[in-house]
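*Asks:* predicted model follows, preceded by the sequence.
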Amino acid sequence: MKLLKDILYKAGIEEVVGSTNVAIENICIDSRQAKKFSLFIAVKGTAVDGHQFISKAIEQGSLAIICEELPEQLVKEVNYIQVKNSRFAAGIIASNFYDNPSQKLKLVGVTGTNGKTTVTTLLYQLFKNLGYKVGLLSTVRNLIDGEVVEATHTTPDPISLNELLAEMVERGCEYAFMEVSSHALDQHRVAGIEFTGAIFTNISHDHLDYHETFDKYIKAKKMLFDMLPSTAFALTNLDDKNGEVMVQNTKAKIITYGLKSMADRKAKILENNLTGLILNIDGQEVITRLIGSFNAYNILSVYGAAIELKEEKLQILTTLSNLHSPDGRFQFVKTENNILELWITPTRQTRWIM
């Protein structure tokens, strides 16, 4: 239970009708989840406007409403808080309600068109193998110190996200690794979240059905780096032509990685075959179980992040050899005879496709 006034800090309040000195037992953005002593946040979605369900939330017991537009008919016993942006406010309020759990973890966000799931999963595996309690938020699954929690979105809604992070804190997790999609950034689903670091993998012309233009897509991805504090790190792929664009306005410490560029963290592919990759990373030879040049980038980003998280170089490189791709992920490999094969990890069942 929290006082309403305590969870509205930094939420962008424009007007209050009623009192903020009331106790709130739960918060929701879905009116069907509203109950007695609820705070209902009316969010304007891409398909549905939560303002249409304010009356339903009140019928189910909500005693406070967050909205961008006040209803024409106000209920006397209900408290209304008008905000500039209810999507943004939802993230801030959720963080406050759950006692800002992201500040109690070393949370690293990963964004980019490809590689997000692999990089977050590899980081999770790495830090688990190094002996830490770790959380994972990915498209494939969410994990809290080894226990699976079902994933419904690439990045959950702000309330679900903060609830998951709070559970990670409660169960003793020190680190958490999280996919951060461009949709989530554009929709302020990570508003109020404090990241220890962020990684940019790459960007291509996907998701333009949502973002409309490539420029808007880049700007959405860039939001993750723009929101980083000066104490955080921003790790970017220098081989991607937009790698430098991502970090040009960040306050965070900038670190680059790449296979071709003069980056801070550099790797060279020594061997790339069906048994895995052999890489030279910062002058040290590493044998890995992952295949494909794209995974060389993924491994290098994981190494770079672990260095920034103050892990010992040799221990990181040794542990990297034991990591594997996320379950059920596809890897495309061209054999010596120029046959393209589809490999399903980690069981490595193969079938000819081209």
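*Replies:* Yep, that arrived. Residues are numbered from 1 along each chain as shown.

*Asks:* okay, CA-based contacts and neighbour counts for the rest of this
*Replies:* Noted.

*Asks:* retrieve the pLDDT associated with residue 210.
*Replies:* If you check residue 210, the pLDDT there is 70.

*Asks:* do the same with residue 140
*Replies:* For residue 140, pLDDT reads 82.

*Asks:* what do you get for residue 329?
*Replies:* Residue 329 is given a pLDDT of 52.

*Asks:* please renumber the chain so that the first residue is 44 from this point on.
*Replies:* With 44 as the first residue, the last one maps to residue 372.

*Asks:* how many residues are close by the residue nearest to residue 290 when sequence neighbours are not counted?
*Replies:* Nearest residue to residue 290, sequence neighbours excluded (Cα to Cα, 6 or more residues apart in numbering): residue 268, at 6.0 Å. Using other Cα atoms under 10 Å, residue 268 has 28 other residues around it.

*Asks:* ok, now the one 4 residues further on?
*Replies:* Counted with other Cα under 10 Å, the neighbours of residue 272 add up to 17.

*Asks:* next one: residue 284
*Replies:* 11.

*Asks:* re the thing from before, ok, the residue nearest to residue 290 touching residue 277?
*Replies:* Yes: Residue 268 is within contact range of residue 277, at 6.7 Å (criterion: Cα atoms under 8 Å).

*Asks:* intersection of neighbour lists for those two?
*Replies:* In terms of Cα atoms under 8 Å, 6 or more residues apart in numbering, residue 268 and residue 277 are both contacted by the residues 241, 290, 293, 295.

*Asks:* what about the third one, distance to residue 235?
*Replies:* From residue 293 over to residue 235 the distance is 17 Å, taken as Cα to Cα, to the nearest Å.

*Asks:* which of the two has more neighbours?
*Replies:* residue 235 (24 against 21).

*Asks:* shaky segments in the chain?
*Replies:* For the chain, the stretches flagged by pLDDT under 70 are 194-198, 249-252, 254-255, 370-397.

*Asks:* which one's the longest helix in it?
*Replies:* Once the chain is assigned using DSSP state H, the helix that runs over the most residues is helix 336-351.

*Asks:* and the contacts of that helix?
*Replies:* Against helix 336-351 from outside (Cα under 8 Å, 6+ apart): 158, 161-162, 165-166, 240, 242, 244, 276, 278, 280, 300-302, 308-310, 312, 315, 320, 322, 324, 356, 359-360, 363.

*Asks:* please redo it, this time with the cut-off set to 7 Å
*Replies:* 158, 162, 165-166, 300-301, 308, 310, 356, 359 (Cα atoms under 7 Å, 6 or more residues apart in numbering).

*Asks:* quick one: distance of it to the chain centre.
*Replies:* 17 Å (Cα atoms, centre = their mean, to the nearest Å).

*Asks:* quick check: buried residues in that helix?
*Replies:* 336, 338-349, 351 (16 or more other Cα atoms under 10 Å).

*Asks:* next: stretch 72-88.
*Replies:* Applying a neighbour-count criterion of 16+ other Cα under 10 Å, one finds 72, 74, 77-78, 80-87 buried in stretch 72-88.

*Asks:* save those residues as JSON lines, and put in secondary structure and distance to residue 57 too.
*Replies:* As requested, the buried residues of stretch 72-88 are exported to JSON lines (DSSP: H, G, I helix; E, B strand; the rest coil; distance: Cα to Cα, whole Å):
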{"residue": "72", "secondary structure": "coil", "distance to residue 57": "19"}
{"residue": "74", "secondary structure": "helix", "distance to residue 57": "23"}
{"residue": "77", "secondary structure": "coil", "distance to residue 57": "24"}
{"residue": "78", "secondary structure": "coil", "distance to residue 57": "25"}
{"residue": "80", "secondary structure": "coil", "distance to residue 57": "23"}
{"residue": "81", "secondary structure": "strand", "distance to residue 57": "21"}
{"residue": "82", "secondary structure": "strand", "distance to residue 57": "17"}
{"residue": "83", "secondary structure": "strand", "distance to residue 57": "17"}
{"residue": "84", "secondary structure": "strand", "distance to residue 57": "15"}
{"residue": "85", "secondary structure": "coil", "distance to residue 57": "15"}
{"residue": "86", "secondary structure": "coil", "distance to residue 57": "16"}
{"residue": "87", "secondary structure": "strand", "distance to residue 57": "17"}
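
*Asks:* of all those residues, which two lie farthest apart?
*Replies:* 80 and 87 (22.4 Å; Cα to Cα).

*Asks:* wait, isn't residue 125 in contact with residue 57?
*Replies:* Yes: Residue 125 lies in contact with residue 57 (Cα atoms under 7 Å); the separation is 5.5 Å.

*Asks:* more neighbours: those two, which one.
*Replies:* residue 125 (19 against 11).

*Asks:* confirm that one sits in a helix?
*Replies:* No: counting by DSSP: H, G, I helix; E, B strand; the rest coil, residue 125 falls outside a helix, being strand.

*Asks:* how much space between it and residue 56?
*Replies:* 6 Å.

*Asks:* give me the secondary structure label for the residue of the chain most remote from its centre.
*Replies:* Computed with Cα atoms, centre = their mean, the maximum C-alpha offset from the centroid of the chain is found at residue 119, amounting to 39.8 Å. Of the three states, residue 119 takes coil according to three-state DSSP.

*Asks:* got the phi/psi numbers for it?
*Replies:* phi -60, psi -40 (degrees, to the nearest 10).
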